[in-house]
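Q: Let me see the structure of the following:
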Amino acid sequence: MKIVLFCLNNYAFAILNPIKEVLEEKNHDFIWYVAPKIRKSFPYNSDANTSSIKEIRTYESDVIFAPGNEVPYFLRGLKTQIFHGLAGEKKGHFRIRQYFDLYLTQGPYFTNRFNKLKEEHKDFDVIETGWPKLDVYYKNNEAIMTEKKSLLQKNNAKTIILYAPTFSPKLTSAPHLLDEIKSLSEYKDYLIFLKFHPLMDKEWVEKYKQLAENTDNISYQNENDITKFLIISDIIISDTSSVVYEFLLLDKPAITFNSISNNIVWKDLTTYDNLKEEVSDTLNKDRYDQLRKSIIKDYHPYNDGKSALRMVEAVESYLKTHNVPKRRSISTFRKLKTHIKVIKNYS
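A: Here you go, the predicted model:
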């Protein structure tokens with residue numbers, strides 16, 4: 001098979017890399033498409049890669065793996081949606097945009113919803129595989145945990161706290177928690193990591209960076225991949241962000257602010273105050289440990305670290321009984337939108 005790993009945002013790198021590793025093991029041919037706007041942050045330059053849609057078009061792929069919401073309809077290949085998060089309550093998560101032939105879902109909650117949409121639209125298929133970004137959760141993390149121990153010793157701390165808000169202006173807690181995070185840092189037993197979405201408003205990024213520069217036990221992180229910080233942190237503070245679900249799958253407590261989730265099995269606060277007390281209370285008594293099990297079962301029950309393998313095997317099997325689509329049949333509106341984006345944002 002010839003495969004395109006399609007990246008429009010830099011969060012795609014950590015999602016697609018486990019798939020790349022499987023492709024290498026199976027000796028499949030692959031190339032990364034890296035949008036020009038994220039070219040500088042691409043971490044795998046030793047792999048075949050391009051920022052040219054023309055080159056991808058001439059590559060004549062059999063499969064395109066895309067964690068984003070869209071992919072050019074005119075590219076050859078089974079256009080496969082693999083998702084960029086687990087927050088099913090977010091606007092647009094279950095919106096059918098016509099770009100995809102196949103949806104590879106993370107768990108029963110998502111599979112059931114997309115199967116209902118399949119019955120309605122009748123122009124795509126659904127296969128449950130698990131989510132590749134989480135494969136690292138279930139593999140050998142000794143190096144990461146050794147790093148955690150070193151960080152705690154270096155900072156004379158006992159607990160690592162991760163603040164990872166969403167970027168959405170209507171949902172983000174960032175404008176409301178600057179002083180609360182500062183107050184939280186008064187507990188020197190805490191080491192606080194700040195990890196923001198790449199689309200976060202630059203005004204708030206700069207304010208939190210300034211806070212970190214002026215506070216010994218607050219660290220602003222620029223790494224693209226949040227996975228390491230999810231693994232080493234003892235508790236997460238967020239809002240309506242898919243990273244909350246990723247964190248819950250590690251069976252650790254979360255605190256959110258005004259989450260719009262329909263499946264809240266963690267402490268959700270409706271006012272932006274008393275963060276110190278709420279964190280202390282949650283660390284001392286985790287009241288949601290049993291409820292988290294239901295989320296793990298519904299959202300991502302796979303703990304074998306083989307979701308990427310299942311995705312590759314799913315498309316291999318699918319193409320044994322289906323022709324490789326040369327292009328996707330979509331509405332004139334979607335076609336026009338695609339061409340505008342190709343001119344402005346792709347290459």
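Q: Residue 311 versus residue 18, what's the distance?
A: Applying CB to CB, to the nearest Å, the value for residue 18 to residue 311 is 9 Å. No exception for glycine: its C-beta is placed from N, CA and C like everyone else's.
Q: Would you map out the domains in the protein?
A: Using automatic domain parsing, the domain ranges for the chain come out as 2-136+305-346, 142-299.
Q: Adding mean neighbour count and mean pLDDT, write the ones you listed out as JSON lines.
A: JSON lines is the format used below for the domains of the chain (neighbours: other CB atoms under 10 Å; pLDDT from 0 to 100):
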{"stretch": "domain 2-136+305-346", "mean neighbour count": "18", "mean pLDDT": "92"}
{"stretch": "domain 142-299", "mean neighbour count": "17", "mean pLDDT": "93"}
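Q: what's the overlap in contacts for residue 18 and residue 311?
A: The contact sets of residue 18 and residue 311 overlap at residue 132 (CB atoms under 8 Å, 6 or more residues apart in numbering).
Q: roughly how far apart are residue 324 and residue 68?
A: The spacing between residue 324 and residue 68, counted by CB to CB, is 21 Å.
Q: what does residue 246 give?
A: Distance from residue 246 to residue 68, counting by CB to CB: 17 Å.
Q: repeat for residue 284
A: Distance, residue 284 to residue 68, using CB to CB: 40 Å.
Q: Then residue 52?
A: Using CB to CB, residue 52 is found at 18 Å from residue 68.
Q: swap in residue 92?
A: The gap separating residue 92 from residue 68 is 11 Å, by CB to CB.
Q: Go ahead and confirm residue 182 touches residue 210.
A: No: using CB atoms under 8 Å, residue 182 is not in contact with residue 210, being 10.6 Å away.
Q: where do the contact lists of the two overlap?
A: Residues touching both residue 182 and residue 210 (CB under 8 Å, 6+ apart): none.
Q: what about the helices in the protein?
A: 12-25, 53-59, 108-121, 142-154, 174-184, 202-213, 227-232, 243-248, 275-284, 292-299, 307-321, 332-341 (DSSP state H).
Q: In terms of secondary structure, what does the second one contact?
A: What it means is helix 53-59. When contacts are defined as 3 or more CB pairs under 8 Å, 6 or more residues apart in numbering; DSSP states H and E, helix 53-59 packs onto strand 2-7, strand 29-34.
Q: Among the helices of the chain, which comes closest to residue 76?
A: Proximity to residue 76, assessed across the helices of the chain by CB to CB, is greatest for helix 53-59 (7.6 Å).
Q: which residues are contacting the closest one?
A: By CB under 8 Å, 6+ apart, the surrounding residues in contact with helix 53-59 are 2, 4, 31, 33, 50, 72, 74, 75, 76, 342, 346, 347.
Q: Give me the distance between the third one and residue 70.
A: When distances are taken as CB to CB, residue 31 and residue 70 turn out to be 19 Å apart.
Q: do the second one as well
A: As defined by CB to CB, residue 4 lies at a distance of 14 Å from residue 70.
Q: quick one: contacts for residue 97?
A: The neighbourhood of residue 97, defined by CB under 8 Å, 6+ apart, consists of 69, 70, 334.
Q: I'd assumed residue 99 was in contact with the last one.
A: Yep, that's residue 334 we're talking about. Yes: checked against CB under 8 Å, the pair residue 334 and residue 99 is within contact range at 7.2 Å.
Q: shared neighbours of those two, which are they?
A: Residues touching both residue 334 and residue 99 comprise residue 73, with contact defined as CB under 8 Å, 6+ apart.
Q: quick one: contacts for residue 196?
A: 164, 165, 167, 174, 204, 205, 208.
Q: how about a cut-off of 7 Å?
A: 165, 205 (CB atoms under 7 Å, 6 or more residues apart in numbering).
Q: go on, residue 305?
A: Listed by CB under 7 Å, 6+ apart, the contact partners of residue 305 are 135, 138, 139.
Q: Which residue comes closest to it once chain neighbours are left out?
A: With sequence-adjacent residues excluded and distances taken as CB to CB, 6 or more residues apart in numbering, residue 305 is closest to residue 138, at 3.8 Å.
Q: Phi, psi for the closest residue to residue 166 other than its chain neighbours please.
A: Take residue 166 and drop its neighbours on the chain: the residue closest to it by CB to CB, 6+ apart is residue 241, 4.0 Å away. The phi/psi pair for residue 241 (degrees, to the nearest 10) reads phi -120, psi 140.
Q: In contact with residue 241, which residues are there?
A: Residues near residue 241 by CB under 7 Å, 6+ apart: 87, 164, 165, 166.
Q: can we see that at 10 Å?
A: Applying CB atoms under 10 Å, 6 or more residues apart in numbering to residue 241 gives the contacts 85-87, 90, 164-168, 171-173, 197, 226, 247, 254, 256, 259, 261.
Q: next one: residue 239
A: The neighbourhood of residue 239, defined by CB under 10 Å, 6+ apart, consists of 164-166, 168, 171-174, 176-177, 255-261, 268-269.
Q: What's the separation between it and residue 197?
A: According to CB to CB, residue 239 stands 11 Å off from residue 197.
Q: list residues touching both of the two?
A: What both residue 239 and residue 197 touch, as defined by CB under 10 Å, 6+ apart, is the set 164, 165, 166, 168, 172, 174.
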